[in-house]
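>>> Turn this into a model:
(one chain, ligands or ions: 1)
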Amino acid sequence: MAKTITLLCPNLVCRAILTVPDKVRGKKIRCGKCGTNFVVPGASPVKASASDATSAQPVSPNANQHSTG
Ligand SMILES: [Zn+2]
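Below you'll find the model as predicted:
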């Protein structure tokens, strides 16, 4: 079963409802009514906000023992 998406023609004087296959996302198609070429917008990417807090170990300064005498 092929998935389809419904688009609205970007041509303001056409505004035709176009049903196109889902695989044309990101590709340029042509409106069959007015002949306007336009790019089908792709699916909105879903970003997972995962903030990974890394515990940084405190760096101890190397204490140089300088003995005089
Ligand atoms: Zn059109």
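
>>> on contacts alone, who are the packing partners of the helix or strand that V20 is a member of?
Assigned by DSSP states H and E, V20 belongs to strand 17-21. Judged by 3 or more Cβ pairs under 8 Å, 6 or more residues apart in numbering; DSSP states H and E, strand 17-21 is in contact with strand 4-8. (C-beta placed from N, C-alpha, C; glycine too.)

>>> Point out where the chain drops to low pLDDT.
Across the chain, the ranges flagged by pLDDT under 70 are 44-46, 48-56, 63-64, 69.

>>> just to revisit the earlier point, go through the strand holding V20 and flag the buried ones.
L18 (16 or more other Cβ atoms under 10 Å).

>>> Now look at that strand and say if it contacts the ion.
No. Shown here: strand 17-21 not in contact with the ion (Cβ under 5 Å from the ion), separated by at least 7.4 Å.

>>> what does this structure have sitting close to the ion?
The chain has residues C9, N11, C14, A16, C31, K33, C34, T36 near the ion, with proximity defined as Cβ under 5 Å from the ion.

>>> redo that, cut-off 8 Å
9-11, 14-16, 18, 31-36 (Cβ under 8 Å from the ion).

>>> Of those residues, keep whichever come out buried.
Using 16+ other Cβ under 10 Å as the burial test, the residues of the chain next to the ion include C9, L18, C31 as buried.

>>> those strands in the chain, which residues are they?
4-8, 17-21, 28-30, 37-39 (DSSP state E).

>>> any residues touching the strand holding V20, and which ones?
A2, K3, T4, I5, T6, L7, L8, C9, I29, C31, G32, V40 (Cβ atoms under 8 Å, 6 or more residues apart in numbering).
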